[in-house]
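In: Got a sequence here, can you model it:
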Amino acid sequence: MPVIILPTPLTSRAAGRDRIAATGSTVGECLLALERDYPGLKGWVLDDRGRIRRHVNVFVGDTKATLDRTLAAEEEIYVIQAISGGGADLEETGEVLVGTKKGLIVLRGPRGRGMETVSRQFPGQVVEYATRDPRTGLYYASVTHGQFGPHVYLAEDPVGEWEQADGPVFPEGTDASVNRVWVIKPGVEEGVLWAGVAPAALFKSEDSGRTWELNRGLWDHPTRPDWEGGLGGLCLHSICQWPDDAQRLTLAISAVGVWQTEDGGESWSRYSEGLVPRYLPEEARVDTLMHCVHKLEQSPVEPDTFYMQFHGGVYRSDDAGHSWQDIAGLQAQGNGRGLPADFGFPIVVDPRDPNRAYVIPLVADVDRVTPEGGVRVFETRDRGASWQPKTQGLPQQDAYLTVLRQAFCHDGGDPLGLYFGAESGTVFGSRDGGETRSAVAENLPPIGSVRASQ
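Out: Numbering: from 1, shown residues only. As a prediction, this is how the structure comes out:
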């Protein structure tokens, strides 16, 4: 049987494999079989007309091959990146999943530029969150029906048929019901995913999201009777899976702070050193559980480094989330180094550079729109010692946008692609690490989540 050998950028779309046995008597048949077996590779080697992509070369042995090249049983097919193109190629395409109050919008097209709406799924329903698992190529969507409640769906292709999962639901005896699924996160072990819901609870799936089980360690924590929610309810919205340790997770809950397990969820510890809940009287801050974390992100290449958008504060941790320091730099704003406001919802960390992060400040606390009517994404390249506003391509006059916690993401590309969506219905994209941006989609329903397929 022929074997296909994939380059490193494609292995994440093939469950981490770089050598795959394929069925077929020609190169074309083997590549089509590869797409069927690994849907995440569809469109990456062959274009939408079934041809080898312009900047991809396919070799059999030491000879460049065409699709009709016949194969012997044990021959090796090498898929490689051609020297004619790379990360900056204008033809490079991407896919962005946009969760809105009126369905899931699937965008495809050139990274960071005008993209096409190729599908609208779940019309009339709130899509809280949608994402793609790069290990398997499966897509997941959290959907809340106005009358019939929340459900999780999965699909091999987001523009095709979606299968409803069994759960997440609370087991009998818990006297609770799921009212919203905030986030779905791939785990480390094969088939494992995690889901965070409201009321704040963690669910685990061991069969690629088809069934879910409540994590009792967090649900039965003795402090739970004292937990209080924020404006969005008592919600578990951030899940950080340690990349090299399946037993270790760090979570954020609004408004009960940062939690971590080192034993797969059997026990949990809460960390808040350095967090200052300015929304409480000073005398009430010392022993409070009310730490309203808006978003938590972890550096995959330096897992002890975390960044947090707080309800009044932007923080960084260098010790695995055990303690925190405020990096908003409001006192430095006069010399152009700090943020104009330290309130906001989303935060993004560069997946290759733990010193680099992005925030979108909003006016606190009731208004919750971009300061001074100008849309600015602020970037730090020195772990929050200084911040630089990025405005090129963004509206700077009479633009009072609100960007929610799940509505800002990166695509893992090099250079990094960045996307965010506003409640006003516009998605902005960048293909150069945020130096320039443009509207990649407009006139959508109010946006709650934006995730690039990786």
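In: What's the first helix or strand after the worst-scoring helix or strand of the chain on mean pLDDT?
Out: Lowest on mean pLDDT, DSSP states H and E among the helices and strands of the chain sits strand 63-64, with a mean of 84. Using DSSP states H and E, the helix or strand that follows strand 63-64 in sequence is strand 76-81.
In: coming back round to it: pull up the pairing partners for the least confident helix or strand of the chain, direction included.
Out: Paired strands of strand 63-64, with direction, are strand 56-60 (antiparallel) (DSSP bridges).
In: how big is the angle separating the partner strand from strand 76-81?
Out: Per axes from the mean of the first three to the mean of the last three C-alpha atoms, to 10 degrees, the angle that strand 56-60 makes with strand 76-81 is 160 degrees.
In: 7 is where my numbering starts, stick with that
Out: Let's use 7 as the start, then, which means that last one is strand 62-66.
In: which parts of strand 62-66 are buried?
Out: Within strand 62-66, the residues that count as buried by 16 or more other C-beta atoms under 10 Å are 62, 64, 66. Any C-beta I mention is one placed from the backbone N, CA and C, and that applies to glycine too.
In: which residues sit against it?
Out: 33, 37, 51, 58, 70-71, 75, 77, 81-88 (C-beta atoms under 8 Å, 6 or more residues apart in numbering).
In: Just name the closest of those residues to Y406, please.
Out: Within the contacts of strand 62-66, the smallest distance to Y406 is 43.1 Å, found for Q87 (C-beta to C-beta).
In: how about low-confidence regions in the protein?
Out: Applying pLDDT under 70 to the chain flags residues 54-55, 89-97, 337-342.
In: quick revisit: got the buried residues of strand 62-66 as JSON lines, with distance to L160 columns?
Out: Formatted as JSON lines, the buried residues of strand 62-66 follow (distance: C-beta to C-beta, whole Å):
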{"residue": "V62", "distance to L160": "29"}
{"residue": "V64", "distance to L160": "31"}
{"residue": "V66", "distance to L160": "36"}
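In: ok, the residue of the chain positioned farthest from its centre - contacts?
Out: What lies farthest from the middle of the chain is A78; by C-alpha atoms, centre = their mean that is 42.0 Å. By C-beta under 8 Å, 6+ apart, the contact list for A78 reads P8.
In: gap between A161 and G34?
Out: Distance, A161 to G34, by C-beta to C-beta, to the nearest Å: 26 Å.
In: repeat for W248
Out: Distance from W248 to G34, by C-beta to C-beta: 41 Å.
In: what does D404 give?
Out: On the measure of C-beta to C-beta, D404 and G34 end up 54 Å apart.
In: Please identify which of those two sits among more neighbours.
Out: G34 (19 against 7; other C-beta atoms under 10 Å).
In: What is the nearest of the buried residues of strand 62-66 to F384?
Out: Using C-beta to C-beta, the buried residues of strand 62-66 come closest to F384 at V62, 36.8 Å.
In: Any idea what that closest one is bridged to?
Out: With DSSP bridges as the criterion, V62 is bridged to Q87.
In: so where do the strands sit in the stretch 357-460 of the chain?
Out: According to DSSP state E, counting those that start in this stretch, the stretch 357-460 of the chain carries its strands in the segments 363-368, 383-386, 394-396, 414-416, 424-427, 433-436, 444-447, 453-458.
In: which one of those strands lies closest to A252?
Out: Closest of those to A252 is strand 453-458, at 22.6 Å (criterion: C-beta to C-beta).
In: how about the closest one: buried residues?
Out: The neighbour-count check on strand 453-458 (16+ other C-beta under 10 Å) flags 453-458 as buried.
In: can you list the residues that contact it?
Out: The contact list for strand 453-458 (C-beta under 8 Å, 6+ apart) reads 100-107, 132-138, 410, 412-418, 423, 425-429, 431-433.
In: again, 6 Å this time
Out: Residues from elsewhere that reach strand 453-458 (C-beta atoms under 6 Å, 6 or more residues apart in numbering): 102-106, 135, 137, 410, 412-413, 415, 417, 425, 427.
In: ditto for stretch 266-285
Out: So stretch 266-285 is contacted by 221, 223-224, 227, 253-256, 263-265, 291, 296-297, 318, 327-331 (C-beta under 6 Å, 6+ apart).
In: Ok, stretch 329-348 next?
Out: Counting by C-beta under 6 Å, 6+ apart, 279-281, 319-323, 367, 369, 377, 384, 390, 392-393 sit against stretch 329-348.
In: Could you rerun that using 7 Å?
Out: Where contact means C-beta atoms under 7 Å, 6 or more residues apart in numbering, the residues beyond stretch 329-348 that reach it are 279-281, 314, 318-323, 365, 367-370, 377, 384, 390, 392-393.
In: first to last residue in it, what's the distance?
Out: Using C-alpha to C-alpha, to the nearest Å, the end-to-end distance of stretch 329-348 comes to 19 Å.
In: Repeat that for stretch 165-177.
Out: 32 Å.
In: Could you give me the buried positions within that stretch?
Out: 168, 171, 173-176.
In: just those residues now: which is nearest P306?
Out: Ranked by distance to P306 (C-beta to C-beta), the buried residues of stretch 165-177 are led by P174 at 25.3 Å.
In: F209 is in contact with the closest one, correct?
Out: Yes: with contact defined as C-beta atoms under 7 Å, P174 counts as touching F209 (4.0 Å).
In: can you pull the contacts of W265?
Out: By C-beta under 7 Å, 6+ apart, the neighbours of W265 are 224, 257, 259, 274, 276.
In: For it, which residues count as its bridge partners?
Out: Beta-bridge partners of W265, counted by DSSP bridges, are L257, R276.
In: cool, P395 as well?
Out: With DSSP bridges as the rule, P395 is bridged to F384.
In: quick one: it and E385 touch, right?
Out: No: at 8.1 Å, P395 does not count as touching E385 under the criterion of C-beta under 7 Å.
In: ok, R186 - contacts?
Out: 134, 150, 156, 203-204, 241.
In: For burial, what's the neighbour tally of the nearest residue to A207 once chain neighbours are set aside?
Out: The spatial neighbour of A207 that comes closest, neighbours along the chain excluded (C-beta to C-beta, 6 or more residues apart in numbering), is W225 at 5.3 Å. Close neighbours of W225, defined as other C-beta under 10 Å, add up to 18.
In: mind checking how far W225 is from A347?
Out: W225 sits 35 Å away from A347, going by C-beta to C-beta.
In: ok, now A252?
Out: Counting by C-beta to C-beta, the gap from A252 to A347 is 38 Å.
In: Now R42: which helix or strand?
Out: Here R42, judged by DSSP H and E, is contained in helix 33-43.
In: which parts of that helix are buried?
Out: 33-41.
In: where exactly do the helices run in the stretch 157-306 of the chain?
Out: With DSSP state H, counting those that start in this stretch as the criterion, the stretch 157-306 of the chain has helices at 222-225.
In: In it, what residue spans correspond to strands?
Out: Taking DSSP E, counting those that start in this stretch to define them, one finds strands in the stretch 157-306 of the chain at 169-170, 186-192, 199-204, 207-211, 219-220, 241-247, 255-260, 263-267, 275-277, 299-304.
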